[in-house]
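Peer 1: structural data only, the sequence is not supplied:
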Ligand SMILES: Nc1nc2c([nH]c(=O)n2[C@H]2C[C@H](O)[C@@H](COP(=O)(O)OP(=O)(O)OP(=O)(O)O)O2)c(=O)[nH]1
């Protein structure tokens, strides 16, 4: 099965976390995810996150500590997802590829339909806050 290495940004501001909904043209359409994307050859995870967030949301982030790493098998491949805590450095996130963005309080995070690969990270965030 194809292995897809992906990084996701857990972007925090004022105690809320940015969730992004995948648009109709994308795989996993309608599910929520952490903004980010596939790691390209030669890139560090930090470089990928800064590049992807700039492309997708038009802002710059500072990448902090790793939250977790999980694997999930979809019909299109095995996604190896590493998530990092991030903060906003400059600019305001605006969706260009996602159909919706939401700043979600930790207490509401688990009410969103997340991409399956993200569920362990979401659970960890909720546990760490409690
Ligand atoms: N960016 C991101 N991708 C995620 C997350 N969870 C998850 O399963 N994925 C999947 C969706 C995609 O298959 C892949 C990330 O690729 P991508 O964000 O570059 O997606 P894409 O639309 O360019 O890829 P495609 O599947 O449409 O070809 O990982 C997540 O939290 N963030």
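Peer 2: Sure thing, it's come through. Since the model is a prediction, treat every value here as computed from it, not as a measurement.
Peer 1: rest of the way, CA atoms for contacts and neighbours
Peer 2: OK.
Peer 1: how about low-confidence regions in this structure?
Peer 2: Across the chain, nothing is flagged by pLDDT under 70.
Peer 1: and the helices in it?
Peer 2: All helices of the chain, identified by DSSP state H, fall at 45-57, 119-129.
Peer 1: starting at the chain centroid, how far to the first one?
Peer 2: Spelled out, it's helix 45-57. Centroid separation for helix 45-57 versus its chain: 10 Å, with CA atoms, centre = their mean, to the nearest Å.
Peer 1: what does stretch 69-78 give?
Peer 2: Stretch 69-78 sits 15 Å away from the centroid of its parent chain (CA atoms, centre = their mean).
Peer 1: how about stretch 5-22?
Peer 2: Distance of stretch 5-22 from the chain centroid (CA atoms, centre = their mean) equals 5 Å.
Peer 1: so for it, what gets flagged as buried?
Peer 2: Residues of stretch 5-22 classed as buried by neighbour count (16 or more other CA atoms under 10 Å): 5-12, 16-22.
Peer 1: what about those, which are in strands?
Peer 2: 5-12, 16-21 (DSSP state E).
Peer 1: let's have those residues in a markdown table, adding distance to the ligand.
Peer 2: Formatted as a markdown table, these follow (distance: CA to the nearest ligand atom, whole Å):
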| residue | distance to the ligand |
| --- | --- |
| 5 | 8 |
| 6 | 6 |
| 7 | 6 |
| 8 | 5 |
| 9 | 8 |
| 10 | 9 |
| 11 | 11 |
| 12 | 14 |
| 16 | 16 |
| 17 | 12 |
| 18 | 11 |
| 19 | 9 |
| 20 | 9 |
| 21 | 10 |
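Peer 1: how about the residues of the protein by the ligand?
Peer 2: Contact residues, the chain versus the ligand (CA under 6 Å from any ligand atom): 6, 8, 26-27, 33-38, 79, 115, 117-118.
Peer 1: before I go, just wanted to say thanks for your time.
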